[in-house]
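S.K.: whatever this is, show me its structure:
(2 chains)
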Amino acid sequence: MVKFIARRVLWTIPVLLVVVLFTFLLMKGIPGGPFTREKGIPEAILANMNAKYGLDKSWLEQYVRYVWHAAQGDFGVSMTQKGRTVVDVIGDAFPVSIHLGMLAFGLAVVMGIPAGIISALKHNTWLDYAAMFYATIGWAIPTFIIGPVLIYYFALRLGWFPTSRWETWRHWVLPTITLGTALSAYFARLTRGSMLETLQQDYVRTAMAKGLPYHTVVIRHVLRNSLIPVVTQAGPLLGFVITGSFLTEYIFSIPGLGKYFVTSVSNRDYSVVMGTAVLLSSVVIVANLVVDVVYGFLDPRIRYE
Amino acid sequence: MDGWKRTWVVAMLVIALTAMFGVVAVGCGDTTTTTAAGGTDTTVAAGDLAEDQTLTINITSEPPSLDPNLATDTTSSMVINNIFEGLVHIDPVGEVFPGVAESWDVSDDGLVYTFNLRGTDTWTNGDTVTSADFKESWVRILDPETAADYAYMLYFIVGAEAFNSGEGTMEDLGIDATDPAKLVVTLVSPTPWFVPMMAHQAYFPIHKATVDAGGDAWTEPANIVTNGPYLLDTWNHDSDILLTKRADWREADTVTLENVKMVMIAEETTGVAAFEAGEIDVQKALPAADIDRLKTLPQYRVVPLTGTYYFGFNTKKPPLDDAKVRKALSLAIDRQSIVDNITKGGQLPAVDFIPNSMAGYDTIKQGMGSPTADVEGAKALLAEAGYPEGAGLPEIVIYYNTSESHAAIATAIQSQWKAIGVNTTLKNMEWAQYLDFVQNNDDVMVYRMGWVIDYLDAYNMLELFRTDSGNNYTRWGNADYDAALGASLEAADDQARWDLYADMEKILQEEVPIAPLYWYVNQELVADHVTGYEPSVIGETTNFWTVQILKK
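M.R.: Numbers count the residues shown, from 1 in each chain, chains lettered A, B, ... in the order given. Next up is the predicted model:
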């Protein structure tokens, strides 16, 4: 197991190098640059700015310099937010996104998995229909509808929660529901499908036939096996959800990382684009690694040499 | 968000707006005026004031920089203008009032400006504000190493362009600060609007020792040293900023507002909800979808913003190389219907490139664009150009940057041009890609663009279409136009200068390198209990020192 983890961790290095290279080439490939302005800037000033950020060097040199500095923890300075380093920007925004992501993910697990289990066990009853109705609606309604509707009713009409921003627990409620609803719907459907499939398995019938109590069969045999596909999906989803949801953060004005995935590209803020790409890939790599390790506990058939 | 908004230079707006009210309120020694412009009574009985003098305003987004030398956008300006103070302030109609400079003299040839500092103003660390603080700031913004966008705002000063381009030295700059109470500036040519420009953040002083010690992080609340009416108390990036009243500022005893809380809510609908829920007092960005309802609210205000939205023509690309075709296209535009049905926010149809809120508008105006379409006139011009009813006319492409409102305008114009037989295709591109295309690709045909002034003088707008201007994407050039522009710098007085501007506007009217569409406005919601937050002809308030909060 230790060897397996060590190998996977070492593999992240070439993966990240390739991610950085591709991001770098894509970024350079699109027209316009960080200093493309609506009001034209004199050539001399443009030259000063390019020199300051090293953009006057060759592409290869810029790439090598970036990797060299990044390896030492220096991810450069933002070209839009003057005077802030990429580490500053991400260091301020990432914890907020992790916070919101964990809350939403927690809500999704608490709501979605039980809903899926119940609807599978009570297959084709009103409970099943109700849960699946919720799951369909929750998955189908986009964030940009749920968010404003929640704001309108719970903040504006009822005044129970603030409309936006990220300060106290009362500020957390609406964004968590907004981001968590679709996720919980997804988990509910996934869990239900997987449960129904497991319930058909021979070993479940055998366990029942042996006369084991129903709840023992469900907990020990069905649930454990049904959760493998859920965990497989959950890892990467958690990775994405904690690196920031652009829409939810935008609607509720949450100072998270989500917006940087969008604005850094439209501003051609090269250093922030690279920083977020490296971060997102690292998080996804780690999430997948964790999933692989969790498999080992859930399914004895999966073993790592 | 619209590109123009992001890059908009507030220039004159600086203390603009309420400056006149400000001067009244702060009882500045130089004015005895007690009737505020616009007739608003700013005197409020102490008993009517709320206990908590806090204004909460949505500034929409994170200010990219609070460094006066590096900031280039309106959001940053709004913060900087309240924590720093320049040599002068300007009022809603463009009149100048003293700031750090008590008075100033101009040499007879208009080339040498001497600003007399009070010598009693202080930085937040107790140091006196001296002429050297200005010189150090100006040298820093021009230093190629600083790589400041707005270095060109100082190109009016002798030696500035050369130093900034790496060709001259800082010793050759026309800035003399030998006497700490006197700042002597020598200009390249007479620049009639030089004094009002001192209210732009690019010309603000900096505390050099603080900048050097703090490095990139000198603008963080823990490090920053400022000289304005408010202190930067807290800055939670991407979330909020808190300004608090500075007790040792020169006129602090006249300032009522204790705190300015600036929150960053980018989503317009959320911002409006926060306003309606009473969480914020001022919301500026209003969603187009909701505008019909918002317009009926008593808190709704429209403030003119001196700038123009226009369609430019690539005058080197057939058939747009024919002035008659361009004129026909401009004539066929129904500007009134665009502001009535699409923008809907109180914008005015742009009958001239220079907006009516510009100083000297009455002299300059030519009426180049009619508010409603002249279909017959347009058709006649097209026929004259050899394309009767549009026959034989190559297809024209309208380019715009991706945005719902630009798309709606382009679509409306497409159908208006169809009415005179001109077929068009619409193409949109993402903002930076669009700018790159319009600026550098000669295949561009018709493009949308906007310009909001950097300083309240028509020169700033007319300069766009100088033959070799970096902002002239029309590929159009006219020797008479360039000559008039050059002559305007030497004009004896405002009237003579405006006459030259009128000549230039007339050339634009005849040659039609552009078709102005509408004049910009700012729309905002301001809570009932906020007073002293007053609109101005040159923009909206960026100065909080005159604001008072009434009891609810």
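
S.K.: in chain B, where is pLDDT below threshold?
M.R.: Residue ranges of chain B with pLDDT under 70: B:1-43, B:92-93, B:535-541.

S.K.: tell me where the longest helix sits in it.
M.R.: helix B:494-511 (DSSP state H).

S.K.: what's the first helix or strand after it?
M.R.: Scanning forward in sequence from helix B:494-511 by DSSP states H and E, the next helix or strand is strand B:514-526.

S.K.: immediately after that next one, which helix or strand?
M.R.: Using DSSP H and E, the helix or strand that follows strand B:514-526 towards the C-terminus is strand B:530-531.

S.K.: closest residue of the stretch 451-552 of chain B to chain A?
M.R.: B:Gly470 (3.2 Å; Cβ to the nearest Cβ). Placement of C-beta: from N, CA and C, glycine included.

S.K.: so what's the residue count around A:Gln200?
M.R.: By the criterion of other Cβ atoms under 10 Å in any protein chain shown, A:Gln200 has 8 neighbours.

S.K.: quick one: residues contacting it.
M.R.: By Cβ atoms under 8 Å, 6 or more residues apart in numbering or on different chains, no residues touch A:Gln200.

S.K.: close to chain A: what parts of the stretch 151-300 of chain B are there?
M.R.: B:151-152, B:155, B:161, B:164-166, B:216-219, B:236-240, B:263-267, B:269-271, B:273-274, B:276-277, B:279 (Cβ under 8 Å from any Cβ of the partner chain).

S.K.: give me the element the residue of the stretch 201-350 of chain B found nearest chain A is part of.
M.R.: Taking Cβ to the nearest Cβ as the measure, the stretch 201-350 of chain B has B:Asp238 as its residue closest to chain A, at 3.5 Å. For B:Asp238, there is no enclosing helix or strand under DSSP H and E.

S.K.: isn't it up against B:Pro64?
M.R.: No - the pair B:Asp238 / B:Pro64 is not scored as a contact, 11.4 Å apart, by Cβ atoms under 8 Å.

S.K.: give me the number of residues near A:Phe297?
M.R.: 10.

S.K.: B:Pro304 now?
M.R.: 21.

S.K.: need the three-state assignment for the closest residue to it other than its chain neighbours.
M.R.: Using Cβ to Cβ, 6 or more residues apart in numbering or on different chains and skipping residues adjacent in sequence, the residue nearest B:Pro304 is B:Ser357, 4.5 Å away. Classification of B:Ser357 using DSSP: H, G, I helix; E, B strand; the rest coil returns coil.

S.K.: surely B:Ser357 and B:Gly307 touch.
M.R.: No - using Cβ under 8 Å, B:Ser357 makes no contact with B:Gly307, being 9.1 Å away.

S.K.: tell me which element the closest residue to A:Tyr53 other than its chain neighbours is part of?
M.R.: With sequence-adjacent residues excluded and distances taken as Cβ to Cβ, 6+ apart, A:Tyr53 is closest to A:Met79, at 5.9 Å. Assessed by DSSP H and E, A:Met79 sits outside every helix and strand.

S.K.: quick one, what contacts A:Met79?
M.R.: Neighbours of A:Met79 in contact, by Cβ under 8 Å, 6+ apart: A:34-35, A:53, A:267-272.

S.K.: now, these that are in helices?
M.R.: A:270-272.

S.K.: return the residues of the stretch 401-550 of chain B in contact with chain A.
M.R.: B:430-433, B:435-437, B:439, B:449-451, B:454, B:469-471.

S.K.: give me the common contacts of B:Ser357 and B:Gly307.
M.R.: Common neighbours of B:Ser357 and B:Gly307 (Cβ under 8 Å, 6+ apart) are B:Trp519.

S.K.: and chain B, what are its domains?
M.R.: Per the record, chain B has its domains at B:49-228+B:528-549, B:302-522, by automatic domain parsing.

S.K.: just send those domains back as TSV, with distance to A:Gln233 too.
M.R.: Output for the domains of chain B, formatted as TSV (distance: least, Cβ to Cβ, whole Å):
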stretch	distance to A:Gln233
domain B:49-228+B:528-549	34
domain B:302-522	32
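
S.K.: quick one: closest of the ones you listed to A:Val110.
M.R.: For A:Val110, the closest of the domains of chain B is domain B:49-228+B:528-549, at 33.6 Å, according to Cβ to Cβ.

S.K.: measure that closest one end to end?
M.R.: Criterion Cα to Cα, to the nearest Å; first-to-last residue distance in domain B:49-228+B:528-549 is 6 Å.
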